[in-house]
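In: Dropping a prediction and its sequence here:
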Amino acid sequence: MTEGADLALVDLLLEEPRMPVRRIAERLGVAPLTARQRLDRLRENGVVRIVGLVDPAVLGRPVVTFITVTVRGDV
């Protein structure tokens, strides 16, 4: 796979982050092993990260929000 294929793989993951490697391979027109190796390489290079997000409100925990407002001109 070329650099363009790397970007295509990233685009697929942005479209559907949990897309199975087999489907990624089908969409890119490569073997599943090739897609897996490329994905692993992108992870090792820090291009792709797997991140878990937790919604504290769903867990009944307090939510803290910081808001910054910048105003220019007369207020």
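Out: Yep, that arrived.
In: Centre of the chain to the helix or strand of the chain with the lowest mean pLDDT, how far?
Out: Between all helices and strands in the chain, the lowest mean by mean pLDDT, DSSP states H and E belongs to helix 3-15, at a mean of 92. Mean-position distance between helix 3-15 and its chain equals 10 Å (CA atoms, centre = their mean, to the nearest Å).
In: in the protein, what spans have low per-residue confidence?
Out: Along the chain, the model assigns pLDDT under 70 to residues 1-2, 75.
In: Please report phi then psi for residue 18.
Out: Dihedral angles of residue 18 (phi, psi; degrees, to the nearest 10) stand at phi -100, psi 20.
In: Tell me the spacing between it and residue 24.
Out: As defined by CB to CB, to the nearest Å, residue 18 lies at a distance of 11 Å from residue 24. The way it works is simple: take the backbone N, C-alpha and C, and place the C-beta from them, glycine included.
In: can you check residue 50 too?
Out: 14 Å.
In: quick one, which of these two is more surrounded?
Out: Comparing residue 50 with residue 24 by other CB atoms under 10 Å, the one with more neighbours is residue 24, at 21 against 6.
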